[in-house]
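**Q** Just a sequence and a predicted model for now, questions to come.
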Amino acid sequence: DYAEEYTLADNYFSPVLSTTQPNRLAYLTGYPTQVESDSLVKCVIPFSNTIMYQLNENGISWGYFDYGYSQGQSYPPFPLIAFLGSLNYRSHYFNTSVFLNDLKGNLPSVSWLMFTGGIGTDTHSALDLHPPFNLTEGQINLSKYINAIMESKYWNSTAIFITFDEGGGFYDQVVPPLIYTNVGYSPFLNKLGIYNHSTLGERVPLLIISPFSKEGWINNYSISGYTLLGFIDYNWKLPWLTPIAENSDVQGILQSFNFSLVRQGVILFPQNWTYPLSLQYPIHYGYVATVKDNYSGYILLNQKGYLSEETLDEILKNTISTTTETNSVIYTTSEETNSSLSASNQQTSGRFSLNFSITNILEGIAIVVAVLLIVSKILRKSVKKG
């Protein structure tokens, strides 16, 4: 129902082709750390590398709300425990129940909501939508927080991003892009002679819920968990947290918003889930825009003999072709139907420009990473396009 009323990104990749904790760390640092498993025993990453530290240094309020966190406990919630110096910021760590109280008048500009236990395990089944538990329980819990935001004074200046730390599987028919980076790298690619590259993870859903979200709109831009960090920096005009965040196609995620229109929140609860709700407008598909050179690594693998021509052709098949005369973009999906979708240029004007005037910008941000939610407020400031 939320996807039909707001915006769904179907070409959104988790930051790292790995398990839970490496992805959660990358969601906060903006680069692939050298953590290769869920064990954080030998992890030594300075807290100063995180987006939270950047927000703190620039006077922007933030809070990290964990379902299993007990106020006053001797250690930070996972994965923050992995960061050196994270205990110095314990005044920013809360139980998720505090978030509901903050909506009454003390909501931070950026909030993360994690529906797991304080040490990374979920003892209260399904709240993080993790198998093998009943998804409905987690969805009901999530809607409680979304409804509370919609009914608060913060709704008209808030964007909510709901996503997952990683896919939990071993296959996606869409090959994840390789990204160029001089901060963090893949030791496995290094062994193959592909330096300064890292691999994004598998695709996971991203829901964007906001009074400015386009209704029933599918965002096909190639974006990732790093794009959410770039979006935070863009929103508050901060220096880019990392080069990866800077080059993560923030303009692609901005296409999800129409800042000239403020919509009322759609309150959902089990009694009015209709599967589907009636739509005011038909579904609109956005453009697919790949990050510059994000497939160059695969070309290098081919040149070095590690990747066959046939496999490379299959990877590059998921690219876009533009037709100047019709001013449209054709995207061939990689689903079983292998059908084609086309979109006119009424919605967007290209990868690095916006054809609508941005009259509002997020004052806060809410991000939900399957288990994690980040909430932000929206700033009413006029900014230049592009």
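**A** That came through fine. None of these values were measured; they are calculated from a predicted model.

**Q** alpha carbons only for contacts and neighbour counts from here, please
**A** OK.

**Q** Against Ile160, how distant is Tyr154?
**A** Separation of Tyr154 from Ile160 (Cα to Cα, to the nearest Å) stands at 11 Å.

**Q** now do Ile208
**A** In this view, Ile208 and Ile160 are 6 Å apart by Cα to Cα.

**Q** Which one's more surrounded, the two?
**A** Ile208 (29 against 25; other Cα atoms under 10 Å).

**Q** which residues in the stretch 201-350 of the chain form strands?
**A** Taking DSSP state E, counting those that start in this stretch to define them, one finds strands in the stretch 201-350 of the chain at 206-209, 217-219, 223-224, 284-285, 320-323, 328-332, 340-344.

**Q** May I have the phi/psi pair for the residue lying closest to Tyr180 once chain neighbours are set aside?
**A** Distances taken as Cα to Cα, 6 or more residues apart in numbering put His197 closest to Tyr180, at 4.5 Å, once the chain neighbours are dropped. Main-chain torsions, His197, degrees, to the nearest 10: phi -130, psi 150.

**Q** didn't His197 look like it was pressed against Leu189?
**A** Yes - contact criterion Cα atoms under 8 Å: His197 and Leu189 qualify, at 7.2 Å.

**Q** and the two? which has more neighbours close in?
**A** Ranked by neighbour count (other Cα under 10 Å), His197 and Leu189 place His197 first, with 22 against 17.

**Q** how far away is that one from Thr181?
**A** 6 Å.

**Q** Endpoints of stretch 152-169, how far apart?
**A** For stretch 152-169, the first-to-last residue distance is 37 Å (Cα to Cα).

**Q** Name the residues of it that come out as buried.
**A** Neighbour counts over stretch 152-169 (16 or more other Cα atoms under 10 Å) mark 154-167 as buried.

**Q** Now for Asn23: which residues touch it?
**A** Listed by Cα atoms under 8 Å, 6 or more residues apart in numbering, the contact set of Asn23 reads 14-17, 32, 165-166.

**Q** Which helix or strand contains Tyr145?
**A** Using DSSP states H and E, Tyr145 falls within helix 135-150.

**Q** what angle do the helix or strand just after that helix and helix 135-150 make?
**A** Later in the chain than helix 135-150, the nearest helix or strand by DSSP H and E is strand 158-163. Orientation of strand 158-163 against helix 135-150 (axes from the mean of the first three to the mean of the last three Cα atoms, to 10 degrees) gives an angle of 160 degrees.

**Q** what is the rounded mean pLDDT of strand 158-163?
**A** On average, the pLDDT along strand 158-163 is 90.

**Q** and stretch 94-110, which residues are buried?
**A** For stretch 94-110, by 16+ other Cα under 10 Å, it's 94-96, 98-100, 103, 107-110.

**Q** so of the residues you listed, which ones are in strands?
**A** Mapping these onto strands (DSSP state E) picks out 94-95, 110.

**Q** would a markdown table of those residues with distance to Leu80 and pLDDT be doable?
**A** Converted to a markdown table, these look like this (distance: Cα to Cα, whole Å; pLDDT from 0 to 100):
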| residue | distance to Leu80 | pLDDT |
| --- | --- | --- |
| Phe94 | 13 | 92 |
| Asn95 | 14 | 90 |
| Val110 | 16 | 92 |
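
**Q** Could you export those as JSON lines, including distance to Glu57?
**A** JSON lines is the format used below for these (distance: Cα to Cα, whole Å):
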{"residue": "Phe94", "distance to Glu57": "20"}
{"residue": "Asn95", "distance to Glu57": "24"}
{"residue": "Val110", "distance to Glu57": "14"}
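
**Q** for this structure, which spans come out with low pLDDT?
**A** Low-confidence segments of the chain (pLDDT under 70): 34-43, 117-126, 130-134, 170, 183-187, 270-298, 306, 311, 314-386.

**Q** mind listing what the closest residue to Gln71 other than its chain neighbours touches?
**A** Among residues not flanking Gln71 along the chain, Phe94 sits closest, at 6.2 Å (Cα to Cα, 6+ apart). Listed by Cα under 8 Å, 6+ apart, the contact set of Phe94 reads 63-66, 69-71.

**Q** Filter those residues down to the buried ones.
**A** 63-66, 69-70.

**Q** Specify which member of the residues you listed is nearest to Asp172.
**A** Nearest to Asp172 among the buried ones among the contacts of Phe94: Asp66, at 29.6 Å, using Cα to Cα.

**Q** Compute the number of surrounding residues for the nearest residue to Asn156 once chain neighbours are set aside.
**A** Excluding its sequence neighbours, the residue lying closest to Asn156 (Cα to Cα, 6+ apart) is Pro211, at 6.0 Å. Using other Cα under 10 Å, Pro211 has 25 neighbouring residues.
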